[in-house]
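A.B. asks: sequence and predicted model, in that order:
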Amino acid sequence: MKKALTIVFAAILALSLAACGTKEEAEPETVTRSMEYAVNPVRDMDSLEDVNRVVGTAIKRPAGEVSEESFSVIDGQIMIAQYDFFRGAVAYCLRAAESKEDISGYYIEGGALGEVYANEELKKPVSTGDSLWFRWFEGDVQYSLLATGGVKEADFMAIVDSVR
C-alpha cells in the first residue's frame, strides 16, 4: 500500500512539474510604426549673391560693418531669401520673396507679424518688446527686416534705408 501511494504521489508530482514547464509563450505583438520625415526647407547658401540668384531677389548688404553673416533659402510654399547678420549685439534677419503673404517668420499675439499688419503700409517699425520689425515692397518683391536685441529705432531705420 505504501508503495502504491508513493507511486501515485510521484506521478502527481511529475504531472504538476510537467504542467508548469510546458507553459506556452504568447507571440509578441508586432508593432508597426510609420515614420514620416519632414524635409528641412532651409538650404544654406555660400553668399548673398547665391541667395539672390536662386530666389530672384535683390537683397543688399547694409552699409557699415556687420558680423556673423549667414545666407539661406527657405523653400516652402513660397521661396524666401534670408540674410542673417549682427551689428554689435543686435541680430538682424532680412528676408525677401515675391509674395504678398507673410514672410516675417516672427509671431506675436494675434498671429505672424505680416498677418497682423497685412493691410497696413508701415510708416515706422513695429516694436515687439526688444525687437523691431519693418516691411516694404519693391514691385512684386516683399522685404522684411527683424532686429532683436534692443536696437534703437534710428539705428534700425538706418539699416532699412541702406538696404532699400
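C.D. replies: That came through, no problem.
A.B. asks: contacts and neighbour counts: CA atoms only from here.
C.D. replies: OK.
A.B. asks: contact partners for residue 147?
C.D. replies: 90-93, 131-133, 156 (C-alpha atoms under 8 Å, 6 or more residues apart in numbering).
A.B. asks: now it: closest residue in space that isn't a chain neighbour?
C.D. replies: residue 92 (4.4 Å; C-alpha to C-alpha, 6 or more residues apart in numbering).
A.B. asks: name the helix or strand for that neighbour, please.
C.D. replies: Secondary-structure assignment from DSSP states H and E places residue 92 in strand 90-97.
A.B. asks: ditto for residue 70
C.D. replies: Here residue 70 is assigned to strand 67-75, by DSSP H and E.
A.B. asks: by how many degrees do that strand and strand 90-97 diverge?
C.D. replies: Taking axes from the mean of the first three to the mean of the last three C-alpha atoms, to 10 degrees, one finds strand 67-75 and strand 90-97 inclined to each other by 30 degrees.
A.B. asks: strand 67-75: which residues count as buried?
C.D. replies: 69-74 (16 or more other C-alpha atoms under 10 Å).
A.B. asks: next structured bit after that strand?
C.D. replies: Immediately after strand 67-75, counting by DSSP H and E, sits strand 79-87.
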